[in-house]
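> sequence-free structure coming up:
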């Protein structure tokens, strides 16, 4: 089975890195061509793949506020489910889930 047909959770570290490289390249092309919706989807997939790659090394705290990579917003983490962080967005006070690799501690 090709890496492109597999779930991120089934991929090896090497396969995840190759997928991230492809997503970054495709995302750069979409960005350069002004295809913003496609860029956002590709970068979200990139952060999801990175979350799986680094899931054992990312340490997050419930109740802590984190900046969101690629966004001018912050998230206060309320729970962690797999590689997703659930929390409250500062800008909207709405509950949302993001890949854990998108969270950046100031």
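Thanks, I have it. Since this is a predicted model, take the numbers as computed values, not measurements.
> what residues are up against the residue positioned nearest the centre of the chain?
Ranked by distance to the mean C-alpha position of the chain (CA atoms, centre = their mean), the top residue is residue 47 at 2.6 Å. By CB atoms under 8 Å, 6 or more residues apart in numbering, the contact list for residue 47 reads 69-70, 98-99, 101-102. (C-beta placed from N, C-alpha, C; glycine too.)
> any idea how far it is from residue 12?
As defined by CB to CB, to the nearest Å, residue 47 lies at a distance of 19 Å from residue 12.
> Which stretches in the chain count as strands?
65-68, 74-81, 84-89, 95-99, 103-104 (DSSP state E).
> I'd like to know which of those lies nearest to residue 23.
Smallest distance to residue 23 across these (CB to CB): 12.3 Å, for strand 95-99.
> since we're on the nearest residue to residue 52 once chain neighbours are set aside, how many residues are nearby?
What sits nearest to residue 52 in space, not counting adjacent residues and going by CB to CB, 6 or more residues apart in numbering, is residue 8, at 4.4 Å. For residue 8, the number of neighbouring residues by other CB atoms under 10 Å comes to 20.
> Mean pLDDT for the strands of the chain - can I get that in a markdown table?
Formatted as a markdown table, the strands of the chain follow (pLDDT from 0 to 100):
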| stretch | mean pLDDT |
| --- | --- |
| strand 65-68 | 96 |
| strand 74-81 | 96 |
| strand 84-89 | 97 |
| strand 95-99 | 96 |
| strand 103-104 | 94 |
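> Right, I'll call it a day here.
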